[in-house]
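**Q** below is the sequence, then the predicted model.
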Amino acid sequence: MAVAFAKRMGTLRASEIREILKITQREEVLSFAGGLPAPELFPVEELKEISIRVLEKMGREALQYSTTEGYKPLREKIAERMNRKFKTSVTADNIVITCGSQQALDLSGKLFLDEGDIVLCESPTYLAAISAFKAYGPRFIEVPTDDQGMIIEELEKIIATQKSIKLIYVIPDFQNPTGKTWSLERRRDFMKLVKQYDIPVIEDNPYGELRFENEILPSLKSMDKSGNVIFTSTFSKTFCPGLRIGWIAADAEFIEKYVLVKQGADLCTSIRSQMEIATYMDVFDFETHIEKLVAVYRKRRDVMVEMLNKTMPQGVSFTHPQGGLFLWVELPRHIKSVDLLHDCLKNNVAFVPGDSFFPNGGVENTFRLNYSNMSEEKIIEGIQRLSLAIKNVMI
Ligand code: PMP
């Protein structure tokens with residue numbers, strides 16, 4: 001039978017990289033490839049207690065369908081924390097709970113994108129946001145970025161010359177994949193432009209609370225006087241991804257539409273997971289939990305940066321993230337990171353080649369390293385293996 005799949009399936013392909021990376025799941029491979037939080041930091045014992053408490057106190061509600069917007073006590077807690085940490089002024093009514101922030105990205109595609117519409121994003125950007133949007137057939141224009149964030153002059157040139165820009169997608173805090181953070185000035189200039197041209201912005205912020213040093217910078221949402229910014233975040237990195245709880249915070253006009261598209265997607269997010277997180281926050285100190293994560297990840301970042309400084313040959317540069325889970329490496333132009341990955345796998349070390357983070361491809365000499373999911377000893381060993389492989393191809 002010739003199956004007539006939807007046209008969109010033509011744009012969605014299993015990536016070659018994902019196939020290669022399956023090998024990295026072998027136990028002997030030191031993999032810097034994934035984006036996983038450290039499982040030893042998951043509050044397993046505490047959640048055992050919480051899940052019993054939820055079932056005992058609210059068992060019937062916890063196993064029932066719930067509202068599409070999500071569990072109100074959790075939305076209230078999220079609003080309070082966002083206002084405290086990211087200087088926003090949102091209420092529970094500005095929030096929809098989603099099945100991870102990945103769902104927020106997919107729903108955004110559904111809400112905004114018709115075939116041929118333009119999405120502007122950082123260059124490079126988050127791989128699975130590209131996949132989520134791609135299903136709706138847009139064209140991506142990558143906006144050049146530097147260490148401060150999107151380059152505003154470049155952004156303005158694009159906005160001034162392109163007609164059907166429907167969405168700007170950005171990750172201003174500890175970006176995936178580069179680990180870079182936008183400066184305050186860049187955030188202000190960006191928001192001026194967005195207001196002037198009145199374009200919806202998705203501010204994807206899963207990592208903002210995992211800051212290792214200096215003050216949290218105000219979110220774009222906190223500078224948003226015109227209601228253009230749709231903020232999305234998640235408990236995946238600050239708590240655990242397995243509960244699949246993320247959220248969207250936006251003006252009421254957007255929230256109403258997100259609720260409509262979410263109804264068609266899954267009716268509601270697991271109410272049991274939502275109750276567990278809200279109850280955890282009542283019983284335990286969530287801020288102390290995050291402090292613990294930050295201390296461990298900071299140390300791992302330090303060890304990785306120190307090892308890279310010690311072992312990388314001249315011509316190789318890398319970022320020094322102030323938070324989050326990732327660091328970005330740039331090789332001399334003639335070295336393809338995919339070829340390097342093949343060499344590295346022979347020595348049981350892995351990373352993600354950078355090309356897939358560029359929606360239009362064509363940048364082959366970069367790669368992403370993750371430091372949250374490996375002990376300090378293994379990071380030391382892994383970077384030694386990696387630098388040997390790099391030195392071998394640079395001879
Ligand atoms: N956005 C970014 C930038 C991410 O890195 C991730 C996870 N890797 C997500 C969204 C999705 O996370 P989740 O669905 O687990 O909330």
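**A** Yep, it's here. Residues are numbered from 1 along each chain as shown.

**Q** okay, CA-based contacts and neighbour counts for the rest of this
**A** Noted.

**Q** run a quick neighbour tally on residue 138.
**A** Under the neighbour criterion other C-alpha atoms under 10 Å, residue 138 is assigned a count of 20.

**Q** so it touches residue 112, yeah?
**A** No. Using C-alpha atoms under 8 Å, residue 138 is not in contact with residue 112; the gap is 10.0 Å.

**Q** which parts of the protein are strands?
**A** 30-31, 95-99, 118-123, 139-146, 149-150, 165-170, 201-204, 229-234, 245-249, 317-318, 326-330, 349-350, 352-353, 366-370 (DSSP state E).

**Q** would a markdown table of these with mean neighbour count be doable?
**A** Below are the strands of the chain laid out as a markdown table (neighbours: other C-alpha atoms under 10 Å):
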| stretch | mean neighbour count |
| --- | --- |
| strand 30-31 | 25 |
| strand 95-99 | 28 |
| strand 118-123 | 23 |
| strand 139-146 | 18 |
| strand 149-150 | 24 |
| strand 165-170 | 21 |
| strand 201-204 | 24 |
| strand 229-234 | 25 |
| strand 245-249 | 25 |
| strand 317-318 | 18 |
| strand 326-330 | 23 |
| strand 349-350 | 27 |
| strand 352-353 | 25 |
| strand 366-370 | 26 |
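
**Q** for the ones you listed, which one sits closest to residue 213?
**A** strand 326-330 (15.3 Å; C-alpha to C-alpha).

**Q** what helices or strands is the closest one leaning on?
**A** With contacts taken as 3 or more C-alpha pairs under 8 Å, 6 or more residues apart in numbering; DSSP states H and E, strand 326-330 sits against strand 317-318, strand 366-370.

**Q** one more time with 10 Å
**A** helix 286-311, strand 317-318, strand 352-353, strand 366-370 (3 or more C-alpha pairs under 10 Å, 6 or more residues apart in numbering; DSSP states H and E).

**Q** flag every residue of the stretch 1-150 of the chain that's near the ligand.
**A** 35, 100-102, 126 (C-alpha under 6 Å from any ligand atom).

**Q** helices along the protein, start to end?
**A** Applying DSSP state H to the chain gives helices spanning 16-22, 44-62, 72-86, 100-112, 127-134, 152-161, 184-197, 252-266, 271-283, 286-311, 337-346, 376-394.

**Q** most tightly surrounded among those helices?
**A** helix 100-112 (a mean of 21; mean count of other C-alpha atoms under 10 Å).

**Q** re the thing from before, the helices of the chain: lowest mean pLDDT?
**A** Here the lowest mean pLDDT among the helices of the chain goes to helix 16-22, at a mean of 72.

**Q** and that helix, how far out from the chain middle?
**A** Chain-centre distance of helix 16-22: 20 Å, with C-alpha atoms, centre = their mean, to the nearest Å.

**Q** picking up where we left off before, closest one to residue 237 among the helices of the chain?
**A** Comparing those by C-alpha to C-alpha, helix 286-311 comes nearest, at 9.2 Å.

**Q** just the angle for the closest one relative to helix 72-86, thanks.
**A** 50 degrees (axes from the mean of the first three to the mean of the last three C-alpha atoms, to 10 degrees).
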